[in-house]
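Engineer: Predicted structure and sequence below. I'll ask about it afterward.
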Amino acid sequence: MTSALFRVDPRDDVAVALRDLAAGEDAGVRVAEPVPSGHKVALRPIAAGETVRKFGFPIGRALTDIAAGDHVHVHNLATALRERGDYAWQPHTDGAPAGAEAAEGFLGYRRADGRVGTRNEIWVIPTVGCVARIAEKIAARAAVRHAGRVDGIHAFAHPFGCSQLGDDLDGTRALLASLASHPNAGGVLILGLGCESNQLSELLPGIADGANVRALGAQAAGDEIEEGLALVDALVETAAQAKRAPVPLSALVLGVKCGGSDGFSGLTANPLVGRMSDAVTRAGGTAILTEIPEIFGAEHLLMERAADEAVFAAIGRLVNGFKAYFTGYGEGLAENPSPGNKAGGITTLEEKSLGAVQKGGHAVVTDVLSYGARASRPGLTLLEAPGNDAVSSTALAAAGATVILFTTGRGTPLGFPVPTIKIASNSDLARRKPGWIDFDAGRVLDEGFDPSTEALLETIRAVASGRETAAERNDEREIALWKRGVTL
């Protein structure tokens, strides 16, 4: 095999083009037609209906006969996913056990409850979309008034909190309460309206004890902006007393996410992030993996690393429950990958998932969380949330991630409540969008994983210690809530 093609596993039937290939080119196999960079080339003849393998596992079935050298993509390969999986527990001892090695830490803010923040910010969180703009006005004025006293003052607008019912309302409330409990928030103003479904009286009890929180109902206030500013003033006085101090890597809670993936994501960026998950969990810290629809077809790789039978069963329920969520709305599982994923070379959800789960490394799965819940165990946690970038990244932050590693092959400017390190799967993207990208994982193809691993660990330590990410420099900070129910 020449350097023009990359075969991930010896069992694979396809290899990935590392550059655009021309028809007739000899790349270890004669290429039958033009193949774009990141797309797949058949390494052997594959009969119609036969299973096709990449990463050593099935990624679908051939729709037609495929000759060696053919371009393998949506025209001749389709998903073979089933709507429900049947799983049997088998103890598995491999993985990256917590506490196996020490590692250099970072400078963080240790909170009264023992958790550690990577930022010391004031957050203004509205209970309902009706007061979202007021929250933004309070945060903007307070940021000018208190410049340099804390790491930032930010509002997180959203359109929900009104006319929601049942589990849908509970999810919004849990998510916002968990955000307000975050160790990166040295102080939080919860801004309500007064008549919304998401009442302050129901939200506030869900916030962690000891959090530096104030609340204001806009309908009851004389001048809600001035009263809100006065409350933020008080929050800043307390938060400004916090100082960075050396903490071990075990104090880090790492959220891992991929968005706009391409054919290189599973070769470079995602396995590199998996090494970060291993480093943090080996040190005794926590990594959080989400995007449940994007583990379909690869869930067995997580289930075989379940810490015990209860965690194994919880993974199975989560995966099957999410499949039922799709099919209950009459949507097929094959709607994922997205158009951008396909343009980048990803064909089926199995292929996307086998690349995506590599972000969890080899760590033992120690917990499974529902949407809006908070991580509390060392090891790898699996979090309920969809694949949508903004929704799942917000859920990672609410679960307690203090840094998010976000891999991408297509690029995105989005940022979230916590520092989000954008990792390009290919060097072309890193060169074209330096204002978005923090780290070029395309270097893996030239340097190998070990130097890239050390370089990314150093980037994480620097960001956790205060260095701004590209999204922070661009003032890209958003939240998005998962709306699942009826709106009145």
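Structural biologist: Arrived safely, thanks for sending. Numbering: from 1, shown residues only.
Engineer: In the stretch 351-488 of the chain, what residue spans correspond to strands?
Structural biologist: 365-369, 379-383, 403-408, 420-424, 439-440 (DSSP state E, counting those that start in this stretch).
Engineer: Quick one: closest of those to A313.
Structural biologist: Among the strands of the stretch 351-488 of the chain, the nearest to A313 by CB to CB is strand 365-369 (9.0 Å). To be clear about C-beta, it is placed using only N, CA and C from the backbone, and glycine gets the same treatment.
Engineer: Which residues outside that closest one are in contact with it?
Structural biologist: The contact list for strand 365-369, computed with CB atoms under 8 Å, 6 or more residues apart in numbering, reads 98, 288, 302-303, 305-307, 311, 314-315, 318, 375-384, 399.
Engineer: Apply the buried test to these and list what passes.
Structural biologist: Neighbour counting over those (16 or more other CB atoms under 10 Å) leaves 98, 288, 302-303, 305-307, 311, 314-315, 318, 375, 378-384, 399 as the buried ones.
Engineer: Okay, and which of these map to helices?
Structural biologist: 302-303, 311, 314-315, 318 (DSSP state H).
Engineer: Pop out the phi and psi values for the residue nearest the centre of the chain.
Structural biologist: The residue lying closest to the centre of the chain (CA atoms, centre = their mean) is K257, at 2.4 Å. In terms of degrees, to the nearest 10, the main-chain angles of K257 are phi -150, psi 150.
Engineer: dump the residue contacts of the nearest residue to it once chain neighbours are set aside.
Structural biologist: Of all residues not flanking K257 in the chain, F406 sits nearest, at 4.8 Å (CB to CB, 6 or more residues apart in numbering). Going by CB under 8 Å, 6+ apart, F406 touches 257-259, 389, 393, 412, 420-423.
Engineer: Reformat these as JSON lines; add distance to R145 and pLDDT.
Structural biologist: Shown next, in JSON lines, are those (distance: CB to CB, whole Å; pLDDT from 0 to 100):
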{"residue": "K257", "distance to R145": "34", "pLDDT": "97"}
{"residue": "C258", "distance to R145": "38", "pLDDT": "95"}
{"residue": "G259", "distance to R145": "35", "pLDDT": "93"}
{"residue": "D389", "distance to R145": "33", "pLDDT": "96"}
{"residue": "S393", "distance to R145": "29", "pLDDT": "98"}
{"residue": "T412", "distance to R145": "32", "pLDDT": "96"}
{"residue": "T420", "distance to R145": "26", "pLDDT": "98"}
{"residue": "I421", "distance to R145": "30", "pLDDT": "98"}
{"residue": "K422", "distance to R145": "31", "pLDDT": "98"}
{"residue": "I423", "distance to R145": "35", "pLDDT": "98"}
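Engineer: and the end-to-end length of stretch 429-443?
Structural biologist: Start-to-end span of stretch 429-443 (CA to CA, to the nearest Å) is 12 Å.
Engineer: Show me what counts as buried in that stretch.
Structural biologist: By 16+ other CB under 10 Å, the buried positions in stretch 429-443 come out as 429-430, 433, 436-443.
Engineer: biggest separation within these, which pair?
Structural biologist: Of all pairs drawn from these, the widest gap by CB to CB lies between W436 and R443 and measures 17.0 Å.
Engineer: D20: neighbouring residues, count only.
Structural biologist: Residues lying near D20 (other CB atoms under 10 Å) number 13.
Engineer: Tell me who's in contact with it.
Structural biologist: Counted by CB under 8 Å, 6+ apart, D20 has contacts 34-37.
Engineer: Which strands or helices does the top strand by length along the chain pack on?
Structural biologist: Across the chain, the longest stretch assigned as strand under DSSP state E is strand 185-192. If contacts are counted by 3 or more CB pairs under 8 Å, 6 or more residues apart in numbering; DSSP states H and E, strand 185-192 sits against strand 121-126, helix 132-145, helix 166-180, helix 200-203, strand 213-217, helix 224-239.
Engineer: Only the buried residues of the longest one, if you could.
Structural biologist: Taking 16+ other CB under 10 Å as the basis for neighbour counts, the residues of helix 224-239 that come out buried are 224, 227-229, 231-232, 235-236, 239.
Engineer: Then the second one?
Structural biologist: Along helix 132-145, the positions that meet the burial threshold by neighbour count (16+ other CB under 10 Å) are 132, 134-139, 141-143.
Engineer: re the thing from before, tell me what angle the longest strand of the chain forms with helix 224-239.
Structural biologist: Orientation check (axes from the mean of the first three to the mean of the last three CA atoms, to 10 degrees): strand 185-192 against helix 224-239 gives 160 degrees.
Engineer: What pairs with strand 185-192, parallel or antiparallel?
Structural biologist: The strands beside strand 185-192 in its sheet (DSSP bridges) come out as strand 121-126 (parallel), strand 213-217 (parallel).
Engineer: Buried residues of the longest one, list them for me.
Structural biologist: Buried positions in strand 121-126, judged by neighbour count with 16+ other CB under 10 Å: 121-126.
Engineer: want to throw those into TSV with pLDDT and distance to R473?
Structural biologist: Listed next are the buried residues of strand 121-126 as TSV, based on pLDDT from 0 to 100; distance: CB to CB, whole Å:
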residue	pLDDT	distance to R473
E121	98	15
I122	98	19
W123	98	19
V124	98	21
I125	98	23
P126	98	25
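Engineer: closest to V16 among these?
Structural biologist: Of all those, V16 sits closest to E121, with 40.5 Å by CB to CB.
Engineer: ok, that closest one - contacts?
Structural biologist: So E121 contacts 150-154, 184-186, 239 (CB under 8 Å, 6+ apart).
Engineer: how close does Q358 get to V74?
Structural biologist: For Q358, the distance to V74 equals 23 Å [CB to CB, to the nearest Å].
Engineer: Looking only at neighbour counts, state which of these two leads.
Structural biologist: Per other CB under 10 Å, whichever of Q358 and V74 has more neighbours is Q358, with 26 against 13.
Engineer: okay, now the domains of the chain?
Structural biologist: 1-78, 121-241, 247-473 (automatic domain parsing).
Engineer: quick one: the longest one to chain centroid distance?
Structural biologist: Its chain's C-alpha centre and that of domain 247-473 lie 4 Å apart, by CA atoms, centre = their mean, to the nearest Å.
Engineer: end-to-end on that domain?
Structural biologist: With CA to CA as the measure, domain 247-473 spans 25 Å from end to end.
Engineer: and the gap between the closest residue to D428 other than its chain neighbours and V131?
Structural biologist: Counting by CB to CB, 6+ apart, D428 lies nearest to G442, which is 7.4 Å off, once chain neighbours are set aside. As for G442, its distance to V131 is 44 Å (criterion: CB to CB).
Engineer: Equivalent analysis for Q219, please.
Structural biologist: Separation of Q219 from V131 (CB to CB): 9 Å.
Engineer: Need the overlap of contacts for these two.
Structural biologist: Common contacts of Q219 and V131, defined by CB under 8 Å, 6+ apart, comprise L193.
Engineer: what about the two, which has more around it?
Structural biologist: Shown here are Q219 and V131; by other CB under 10 Å, V131 has more neighbours (27 against 12).
Engineer: Is that one in contact with L189, as I believe?
Structural biologist: No: in this structure, V131 is not within contact of L189 by CB atoms under 8 Å, at 11.1 Å.
Engineer: need the helices for the stretch 351-488 of the chain, in chain order.
Structural biologist: Along the stretch 351-488 of the chain, the segments classed as helices by DSSP state H, counting those that start in this stretch run 389-398, 427-432, 444-447, 449-464, 470-473.
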